[in-house]
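Enquirer: let me see the structure of the following:
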Amino acid sequence: MKLLQTLIFSFFLVLLAISADTKVFASVSVAFFQTKPQQIDSPKRDTTKKVMKKSSLDSKLEYYAKDSAVVDRKNEVQYLYGGARVKYEGLELDAEFIRFDNKSKIVFAKGSTNDKGKYYGRPIFKTEEQGSSMADSLTYNLNLKNGVVHGVFTEQEGGFFSGGKTKMQPDNEFHVHGTTYSTCNLPHPHFGIYITKGIATEKHIITGPVYMKFEDIPMPLGLPFAFFPKPNKKASGFILPTPGEDATKGFSLLGGGYYMAFNDYLDARLITNIYTNGSYDLNLVSNYTKRYKYNGNINLTYSSTRNGLEGTPQYAPVKTVMIGWTHSQAANAKPGTTFSASVNAGSSRHNAVTAGNGSYDPNKFLQNTMSSSIAYGKVFGDGLFNFTSALTHNQQTNGDSRNISLTLPDVSLNMSTISPFDSKKRVGEAKWYQKLTLGYSMTAYNRVSTTEDVLFSKSGLNSFTNSISHNVPISLPFTLFKYLNFSSGVNYSEKWDFKTLKNRYIRTATGTGYEVRSDTVNGFKRGAQYSISTSMSTKIYGIKQFKGNGSIRAMRHVMTPSIGFSYAPGFAADKYGYYKTAEFYTDDIRPGMSEPTGEVVKDQYGNPLLYSVFMGGGPPQFRSGSISFAMDNNVELKVRNRKDTTGTGERKLAILQGLSLNANYDLFRQNKKLSNINFSGRSQFTEKLGINFSGAFSPYMVDLVPFTSGTGSSTTTTYSYQEIDRYVWKDGKLPRLTTFTLSFDYSLNPEAFKKRNENLDKLNNQNAPVTRTQEQIDALNAVSRDPNAFVDFNIPWNFSFAYSFNYNNPLGRPETRSITNTLNFSGDFNLTPKWKIQYTSGYDFKAKNLSQTSFSIYRDLHCWDMSASWIPFGAYQSYSIDIRVRASVLQDLKLSKRKGFWTRY
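Expert: A predicted model of the protein is given here:
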């Protein structure tokens, strides 16, 4: 009895899922005749087209045939053979054979059988109101507008009706018998709902007994009758869950729920994940769109998670929430104005506690931050000014601090660079002063940085800081001696704050240190600063020609040296009022009772310590000046093109792209004025292999440096290796390598991806989208947005890997050396044309173990998807099995949605 109840419940779920996924049984309209019209290519007219006279018919009748046309004048019957077509009052009928009886006004059409027994030339009939359908044979009365169709095959809202017998009535009522409905797009489907008999009207469908069939095998369960409304819009329905097992939470049902179709522009789905240990997730997702205007998505999640053993404190449920919102505006919706949103906020522990909301996606549960942005922009003044405003959010998701930062809002106004001394009427080359450019920018913000638990408290709301900054850059480029390119500039900026800082320095109990307590003082404060800079660059070319018949014809080396100087004054003087002298205060926590002791705080050099009154920093305290050096290199070869059969073709091969060296010298620093010598570069040897590298050299010696601690008899001296202010070349040595990073990735089958993209472009650009349902369009858009989220059976194999090497040794000593060496790889291959295995893994050479590994198996069942995913080891050890109906457009592409490891719903 329990088995029977389970089978009945499963049948209802399958029935509801099919109706929800394809939106048919809530809009099953006149299934055979209300699909959108499809374009039918007219056959070549090899015989003379004939038109019946108006006296014999109420309207003009056109007919022709590619093979032959025979007229029985005595019985007034026309026989059309081979590519026959009849057109009458909006009806178009194509078939291999058509017979028209002029007396009874009855048309009969059927296909034919070739020598191999294959049936071809099936009738395809089309009306202006009802669209097109295909059948094995049909009989239709042109006067009474009724008929009988055998073996119909037609599409309806992403589903397909096939087989059986259909009677067409003149009042747009249809009687069906022995018809199968399925989302399988074959005339003989792999599965479906078999309708024994039914009546379809303009408003609803009433059927007799219906039951499921799989591979033509009737299931022993059914319904005695069914009633379905026929709204011309999306339909609501249930979504079947995916069974699985989690090593921590037990068995699970993931992704089940209910889909709600409000209208063509708004829908929602409520998804649940349920685990046997009592954990659950509730996820509400709503999509909205307005064609040519905007579209967006709202995602709300509530989770209650138990990760410990029953009876332990860890078993207590951890409740978390997540809020997501994305919004994008069409490029031409409102020219000159933009609006977008990307919100990802909620409980900082959500992804870690719920394992990425049950997705086991490492990109989710290993992420350290969450961020959001809502932005508005407008261009005005004939493009001269650009205004932007944004609300931003940043949140830490690792550790226990749970820090959160909000900016409400961040505003900017930028003016395009102008040339005040130039003229639009100028003729000839600009004079030196006409090249001077002027710009302007303004930024303003209102932000707070605190923790989750105090964000919305009174102290949290009072922690908001606000500021406005103005910046005016002036630049003058010029050239000397034709080859030396100079650029000089002056930058002036101001900062306006509406709160300032007052610091109190409190000695610690031991008297060896101090604690800083900051108070905010309301009031306007202005700060101004300026800086000057100049730079010079040129290009040096070196070319080497190679004689003979070798593969290398020439080599070119392009060097771009540059040198720059910058200077900015300090603003620590009392006359500016930007800095105050730090003083010690008495330790009294009562408001206004902490008094200055009269003692000044000293820095490490014995000088009075100063602090800035500006929140978030203001004009610089000390003057700064530096000289920068840089050298950029590009090396390329000109080699013989082996694909050129004439032997004279050549092609360029880049050996080094952007090999750069740079350093700077600080004019006012007390020691170690020369910075590290940094280098970086890249090389693309082939289309498949690209290498990137970077690093730094230190120009200073390393030596033992004494460090003394304690006083009197307890004084101790220790020694440690430190960089000292002595250049290595003074001892005849070369600069020391401190950091080095090398990375490259490689794909062994890029041609297959090019073919996949070509197929997607072809499918997107053909005329078929006119006849596609909204569900098919959505599915195709999902494939175009993220092809890697789908399994492509047209690609027989693929393998790619990425290698990363990192070296870090700041002091050049064995004890300070750190090396990481990792290899990540992924790929898939077809066991057969319908079986595919996908894998993802990696290896850490230092730890000598595998990184998180997953395997997935996919089976192409044409109109079904079957997949099994397995994470064999690690904290997120799990498996899942998924079987579901596939969208019809994915059947054409031979694509399956990846399930299990990183996508649950």
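Enquirer: these two touch, right, residue 881 and residue 243?
Expert: Yes: under the criterion of C-beta atoms under 8 Å, residue 881 is in contact with residue 243, at a separation of 6.2 Å. Where you see a C-beta, it was placed from the backbone N, CA and C, and this is true even at glycine.
Enquirer: now for these two: what residues contact both?
Expert: Between them, residue 881 and residue 243 share no contacting residue under C-beta atoms under 8 Å, 6 or more residues apart in numbering.
Enquirer: then the helix or strand harbouring residue 562 to CSV, C-alphas only?
Expert: Remark: residue 562 resides in strand 552-568, with elements defined by DSSP states H and E. Taking Å, rounded to 0.1, in the frame of the first residue of the first chain, the C-alpha atoms of strand 552-568 are listed here in CSV:
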residue,chain,number,x,y,z
ILE,A,552,64.2,33.8,-38.5
ARG,A,553,64.3,36.8,-40.9
ALA,A,554,64.7,39.7,-38.4
MET,A,555,64.5,40.7,-34.7
ARG,A,556,63.3,44.0,-33.4
HIS,A,557,63.9,45.4,-29.9
VAL,A,558,62.0,48.5,-28.7
MET,A,559,63.1,50.2,-25.5
THR,A,560,61.1,52.9,-23.9
PRO,A,561,63.1,54.6,-21.1
SER,A,562,61.5,57.2,-18.9
ILE,A,563,62.4,59.4,-16.0
GLY,A,564,60.2,61.5,-13.8
PHE,A,565,60.3,64.0,-10.9
SER,A,566,57.6,64.9,-8.4
TYR,A,567,57.5,67.2,-5.4
ALA,A,568,54.8,68.0,-2.8
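Enquirer: show the subsequent helix or strand relative to it.
Expert: Per DSSP H and E, the first helix or strand lying C-terminal to strand 552-568 is strand 579-581.
Enquirer: which residue ranges of the chain form helices?
Expert: Residue ranges of the helices in the chain, as given by DSSP state H, are 2-22, 350-354, 362-365, 458-461, 750-765, 774-785, 888-893.
Enquirer: the ones you listed: lowest mean pLDDT?
Expert: Ranked on mean pLDDT, the bottom entry among the helices of the chain is helix 2-22, at a mean of 38.
Enquirer: didn't residue 855 look like it was pressed against residue 867?
Expert: No: the pair formed by residue 855 and residue 867 falls short of the contact definition of C-beta under 8 Å, at 11.0 Å.
Enquirer: so which of these two has more stuff around it?
Expert: residue 867 (23 against 17; other C-beta atoms under 10 Å).
Enquirer: could you check how far that one is from residue 837?
Expert: Summarising the geometry, the distance separating residue 867 from residue 837, computed by C-beta to C-beta, to the nearest Å, is 11 Å.
Enquirer: what touches both of the two?
Expert: Counting by C-beta under 8 Å, 6+ apart, the residues touching both residue 867 and residue 837 are 856-858.
Enquirer: now, these that are in strands?
Expert: Secondary structure assignment (DSSP state E) places 856-858 from the shared contacts of residue 867 and residue 837 within strands.
Enquirer: which among the residues you listed count as buried?
Expert: Neighbour counting over those (16 or more other C-beta atoms under 10 Å) leaves 856-858 as the buried ones.
Enquirer: let me have those in TSV, adding distance to residue 849 and pLDDT as columns.
Expert: As requested, those are arranged in TSV below (distance: C-beta to C-beta, whole Å; pLDDT from 0 to 100):
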residue	distance to residue 849	pLDDT
856	22	88
857	24	88
858	28	85
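Enquirer: and of those residues, the nearest to residue 143?
Expert: residue 858 (54.4 Å; C-beta to C-beta).
Enquirer: what is that closest one paired to in the beta sheet?
Expert: Note on residue 858: beta-bridge partners by DSSP bridges are residue 836, residue 867.
Enquirer: so it sits right up against residue 867, yeah?
Expert: Yes: with contacts defined as C-beta under 8 Å, residue 858 counts as touching residue 867 at a distance of 4.9 Å.
Enquirer: rewinding a little: tell me the average confidence for the strand holding residue 562?
Expert: For strand 552-568, the per-residue pLDDT averages 93.
Enquirer: that one pairs with which strands?
Expert: strand 514-537 (antiparallel), strand 540-545 (antiparallel), strand 624-640 (antiparallel).
Enquirer: what's the most buried one of the ones you listed?
Expert: Each of the strands paired with strand 552-568 was given a mean neighbour count from mean count of other C-beta atoms under 10 Å, and the largest, a mean of 17, is that of strand 624-640.
Enquirer: run the chain-centre distance for it.
Expert: 35 Å (C-alpha atoms, centre = their mean, to the nearest Å).
Enquirer: for that strand, output the C-alpha coordinates as PDB.
Expert: The C-alpha atoms that make up strand 624-640 are tabulated as PDB, following Å, rounded to 0.1, in the frame of the first residue of the first chain:
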ATOM      1  CA  SER A 624      57.900  64.500  -0.400                       C
ATOM      2  CA  GLY A 625      60.000  64.300  -3.500                       C
ATOM      3  CA  SER A 626      61.100  61.500  -5.700                       C
ATOM      4  CA  ILE A 627      62.900  60.600  -8.900                       C
ATOM      5  CA  SER A 628      61.400  57.600 -10.800                       C
ATOM      6  CA  PHE A 629      63.100  55.400 -13.400                       C
ATOM      7  CA  ALA A 630      61.500  53.000 -15.800                       C
ATOM      8  CA  MET A 631      62.400  50.900 -18.800                       C
ATOM      9  CA  ASP A 632      59.900  49.000 -20.900                       C
ATOM     10  CA  ASN A 633      61.100  46.400 -23.500                       C
ATOM     11  CA  ASN A 634      59.400  44.600 -26.300                       C
ATOM     12  CA  VAL A 635      61.200  42.000 -28.400                       C
ATOM     13  CA  GLU A 636      59.600  40.400 -31.400                       C
ATOM     14  CA  LEU A 637      60.800  38.200 -34.300                       C
ATOM     15  CA  LYS A 638      59.900  38.200 -37.900                       C
ATOM     16  CA  VAL A 639      59.800  34.500 -39.000                       C
ATOM     17  CA  ARG A 640      59.000  32.600 -42.100                       C
END
